[in-house]
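Enquirer: Predicted model and sequence follow; I will ask about them next.
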Amino acid sequence: MSERLERGVEALRGQIDSKVNAFFSSCVNCGICAESCLFYTETQDPRYTPIYKTEPLRKVWKEEFTFWGKFSKKLGLTKSLCEEDLSSWEELVYDGCSMCGRCSMVCPVGIDVADMIYRVKQGLEASGYSPQSLVAAADRAIEFGSPMGNILPALKAHIKHIEADTGLTVPIDVEGVDYMTTISANEIVTFPEYIAALTRIFHHAGVTWTISSEAFEATNSGLQLGDNKIAAELIERIVAAAEKLKVKYIVSPECGHAYSAIRWNGPNFIGRGYKFGVVHILELLDELYHDGRLKLSGMETSKLTFHDPCQLVRRGGVDAQPQELLASVAENIVVMKEHGRMNWCCGGGGGVSAIERAEEIRIKVFNRKKSQLDELNVETVVTACSNCRTVLEDGLDANNMEIPVLGLTELIAEHLVVSDSVSSKSAGSQPLMDAKSSAVSPVPVITKKTMNTDKSSSSKSQKSISDTEDNLKKIEGIGPKIEEILKVGGITTFSKLSTSQYDDLKALLNEAGSRYKMHNPTTWPQQAELANKGAWDELSDLQDRLLGGR
Amino acid sequence: MIANFIDGPLWYFSQAVFAIGIIWKILSLIVGKKKSDLSVARGSSVPGAIRTIFSRFIPDKGMASHIKLQIIAGYLFHLGLFALLFFAAPHVRFLDENFLGFSWITLPHWGFIVAAQVAFLGLLLLFLHRLMHQVTRLISSTGDYLASIITFIVMLTGCLALLEEFSELRLLHRFSVEIFLIYFPFSSLMHAFTFVPSRAFTGAWFGRRGIKS
């Protein structure tokens, strides 16, 4: 047995407890869980059956914890877990499972399959069979504090803009306040408007709050990877910051997995309870709303639906709050046939959206969400998770569906009753809720302007991908959306891409919107040159050495 | 000689294996390693566990249309088997005379036949589904097939044993039951007991998070 296999088996063995014993003892392999999994329903590949993804764990359980397993092993009749198994299951578990937990809701014998898959992840990670993009993200999180690297300067820049725009102060490292807000990297890089919304809402409601410059990042790459040590380290940073600032509560961002990490998994990762509470931003907003501290006015009239983030609703228990909050600002809400705790995942949770090689299957399984949206024919999708939001936008773009996706917190912020103190840029940072503030009915935020949010959509109708164009997605780092941006920008072939300058490519990405600014095109011309020459083996070798095209 | 063995030592042995196997398994689940949850609960785990133990008898509405065959066949088989096991006159008489000392209402002969047909139909449909559906074909183990076959044989010999004038047929049924009892604790047939703790574990997990599962 190789050392890495031994590490994997040891880690899997360590996962086996009463729960796993009860689950595997009860499983009759009925296959019902397959029908609950969008990776199976959309691919019809039986390997994506949720319980099948736990096979490495089952093998260890059977061989070491059951009579027949031990007996068969003695007789040499058992095929023990091997490296090939781990290698094969890496793709199934990481790329082919968003940890949405829908399977756990339908198992007739009550198996929490998602929990078991997370245990398998831990075995795979221990043996080194985990996606490089997730490993690199976790490394960056440990080294720089965020899976996207050092984004503190970006956060500070956004804060500067927000303060200039709103006239409010975003409190950084303030001691003794009630709430310490955490933010996900995706919100900082892609949806900074979320931070602006928080600033306005907290000011409006008179909430005392702060952001810690030492631990603002809520994303937990350790949880996505299945590395509890990294997960614990990241949680410890937040806990230390909260204790240092003596806050009463940590506010989790919308991001569902970040909420799970800090609210539910965190104490178990670090082996002790917290001295403070943890509240999801929507729980807090709902509480403020019911306390009368959140004065809202105006209603959205466009037909919209809410996409329930799995880790928030199904696995996190924040179920009623999003519905109530949305109903407070929108009057034409329609629900998907399967919604709430039985909603279908967007397909990008559990780290899937961070795995470059999983892009193809992620877009494929998005068909489930597409079907749900097609049935409703809505004008807008609202959600409460920045990762879901990105994945939804990608999926909608890939399917040429022009439906804007909004964050619920931002939508709430747009409907705040504007008081004089808030609207004035010279209002300062004193949290003051003026119940008698002059109400200004805001215009619904979902307007024609926001309906056309896709930066490249105006060009879509003119675009016609001819036969002479190359499939630029063969270049690592380029997905369907970036390919479209490049082609709209005139870079339609490997040849053109190979002669493109870094600055020109970067300009195209920047122009396409903040979501694309993070992409690094440094190696694209080099890769394109090899593709143009037909040197596929060399390209493959190069891509093996690259990480997300970098 | 063989009859004495089947009615005597093998019968006691199989019962002992069955009982000890189940007690061992349940005890191992109760006293086995458990991870304590240090997060602050939003709801209660006990009501969650109780809820899920019962709620999983009813399939999710949205899922039902996708798993019609498994639901119908599953219910046919389990209800038929339950009726045969606890309401077939020979079984009630046997339990009364050997274990309990009291009896209860039994199925009429036609009721037995109907229950048996229902159970056979369910079992056969589930077996065919296991063989023919790409998912179950991939995930099923030899043990799953063996469990189905042994159960089928027990039911078949049970029907044959209705012809009580042939004691060999009763003996054959008892022998198949003994094999079944011995195999039971080492197989997925254990789900008949472990489904309760399994559902309870999951229900408790969801319950403390304030989620109905």
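Expert: Arrived safely, thanks for sending.

Enquirer: Could you verify my assumption that residue A:7 touches residue A:127?
Expert: Yes - between residue A:7 and residue A:127 there is a contact at 5.0 Å, judged by Cβ atoms under 8 Å. No exception for glycine: its C-beta is placed from N, CA and C like everyone else's.

Enquirer: Check which element follows the helix or strand where residue B:117 lies along the chain.
Expert: Using DSSP states H and E, residue B:117 maps to helix B:109-132. Counting by DSSP H and E, the element after helix B:109-132 in chain order, helix or strand, is helix B:134-139.

Enquirer: Now the helix holding residue B:117: average pLDDT?
Expert: For helix B:109-132, mean pLDDT is 97.

Enquirer: Make sure residue A:279 is indeed in a strand.
Expert: Yes - assessed with DSSP: H, G, I helix; E, B strand; the rest coil, residue A:279 lies in a strand.

Enquirer: returning to that earlier point: who has more neighbours, residue A:7 and residue A:127?
Expert: residue A:127 (25 against 16; other Cβ atoms under 10 Å in any protein chain shown).

Enquirer: Distance of the more buried one relative to residue A:230?
Expert: 16 Å (Cβ to Cβ, to the nearest Å).

Enquirer: still on that earlier bit, which strands or helices does the helix holding residue B:117 pack on?
Expert: When contacts are defined as 3 or more Cβ pairs under 8 Å, 6 or more residues apart in numbering or on different chains; DSSP states H and E, helix B:109-132 packs onto helix B:68-87, helix B:134-139, helix B:142-160.

Enquirer: How about it, which residues are buried there?
Expert: B:112, B:115-116, B:118-120, B:122-123, B:125-127, B:129-130 (16 or more other Cβ atoms under 10 Å in any protein chain shown).

Enquirer: Which pLDDT value belongs to the closest residue in space to residue B:161 that isn't next to it in sequence?
Expert: Distances taken as Cβ to Cβ, 6 or more residues apart in numbering or on different chains put residue B:173 closest to residue B:161, at 4.0 Å, once the chain neighbours are dropped. Predicted confidence (pLDDT) for residue B:173: 96.

Enquirer: Could you pull up the residues touching residue B:173?
Expert: Going by Cβ atoms under 8 Å, 6 or more residues apart in numbering or on different chains, residue B:173 touches B:154, B:157-158, B:160-161.

Enquirer: In three-state terms, label it for me.
Expert: Residue B:173 is classified as helix under three-state DSSP.

Enquirer: can you tell me how far it sits from chain A?
Expert: In this view, residue B:173 and chain A are 24 Å apart by Cβ to the nearest Cβ, to the nearest Å.

Enquirer: Check residue B:18 too.
Expert: For residue B:18, the distance to chain A equals 14 Å [Cβ to the nearest Cβ].

Enquirer: Can you tell me which of the contacts of residue B:173 has the most neighbours?
Expert: That'd be residue B:158 among these, by other Cβ under 10 Å, with 24 neighbours.

Enquirer: pretty sure that residue is in contact with residue B:80, am I right?
Expert: No - using Cβ under 8 Å, residue B:158 is not in contact with residue B:80; the gap is 11.5 Å.

Enquirer: Find the closest residue to chain A in chain B.
Expert: Nearest residue of chain B to chain A: residue B:199, at 3.1 Å (Cβ to the nearest Cβ).

Enquirer: Domain map for chain A?
Expert: Per automatic domain parsing, the structural domains of chain A span A:3-129, A:140-290, A:304-451, A:458-545.

Enquirer: Could you save the ones you listed as JSON lines and add columns showing mean pLDDT and distance to chain B?
Expert: Formatted as JSON lines, the domains of chain A follow (pLDDT from 0 to 100; distance: least, Cβ to the nearest Cβ, whole Å):
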{"stretch": "domain A:3-129", "mean pLDDT": "96", "distance to chain B": "3"}
{"stretch": "domain A:140-290", "mean pLDDT": "96", "distance to chain B": "4"}
{"stretch": "domain A:304-451", "mean pLDDT": "83", "distance to chain B": "4"}
{"stretch": "domain A:458-545", "mean pLDDT": "76", "distance to chain B": "29"}
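
Enquirer: So which of the ones you listed is nearest residue B:69?
Expert: Across those, the minimum distance to residue B:69, taken as Cβ to Cβ, is reached by domain A:3-129, at 10.5 Å.

Enquirer: residues in contact with the residue positioned nearest the centre of chain B?
Expert: In chain B, the residue lying closest to the centroid (Cα atoms, centre = their mean) is residue B:192, at 3.9 Å. Applying Cβ under 8 Å, 6+ apart to residue B:192 gives no contacts.

Enquirer: Report the angle between the helix or strand harbouring it and helix B:68-87.
Expert: Assigned by DSSP H and E, residue B:192 belongs to helix B:191-208. Helix B:191-208 and helix B:68-87 are oriented at 120 degrees to each other (axes from the mean of the first three to the mean of the last three Cα atoms, to 10 degrees).

Enquirer: Which positions within helix B:191-208 qualify as buried?
Expert: Under the neighbour-count criterion of 16+ other Cβ under 10 Å, helix B:191-208 has B:191, B:193-208 buried.

Enquirer: ok, now stretch A:81-91?
Expert: By neighbour count with 16+ other Cβ under 10 Å, stretch A:81-91 contains the buried residues A:81, A:85-86, A:89-91.

Enquirer: In helices, which of the residues you listed fall?
Expert: A:85-86, A:89-90 (DSSP state H).

Enquirer: Of these, which pair is most distant in space?
Expert: Using Cβ to Cβ, the two most remote members of these are A:85 and A:90, lying 9.8 Å apart.

Enquirer: so who does residue A:395 touch?
Expert: A:346-347, A:362-363, A:366, A:369-370.

Enquirer: Which of these fall within strands?
Expert: Using DSSP state E, no member of those falls in strands.

Enquirer: now the residues you listed in JSON lines, with neighbour count and distance to residue B:9?
Expert: Output for the contacts of residue A:395, formatted as JSON lines (neighbours: other Cβ atoms under 10 Å in any protein chain shown; distance: Cβ to Cβ, whole Å):
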{"residue": "A:346", "neighbour count": "33", "distance to residue B:9": "61"}
{"residue": "A:347", "neighbour count": "28", "distance to residue B:9": "59"}
{"residue": "A:362", "neighbour count": "23", "distance to residue B:9": "61"}
{"residue": "A:363", "neighbour count": "21", "distance to residue B:9": "64"}
{"residue": "A:366", "neighbour count": "25", "distance to residue B:9": "62"}
{"residue": "A:369", "neighbour count": "25", "distance to residue B:9": "62"}
{"residue": "A:370", "neighbour count": "18", "distance to residue B:9": "64"}
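
Enquirer: can I get these in JSON lines with distance to residue A:382?
Expert: As requested, the contacts of residue A:395 are exported to JSON lines (distance: Cβ to Cβ, whole Å):
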{"residue": "A:346", "distance to residue A:382": "13"}
{"residue": "A:347", "distance to residue A:382": "18"}
{"residue": "A:362", "distance to residue A:382": "21"}
{"residue": "A:363", "distance to residue A:382": "22"}
{"residue": "A:366", "distance to residue A:382": "18"}
{"residue": "A:369", "distance to residue A:382": "14"}
{"residue": "A:370", "distance to residue A:382": "17"}
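
Enquirer: Which ones among the residues you listed map onto helices?
Expert: Assigned to helices by DSSP H, the following of those qualify: A:362-363, A:369-370.

Enquirer: Check these against residue A:474 and report the nearest one.
Expert: For these, the closest approach to residue A:474 (Cβ to Cβ) belongs to residue A:363, at 15.3 Å.
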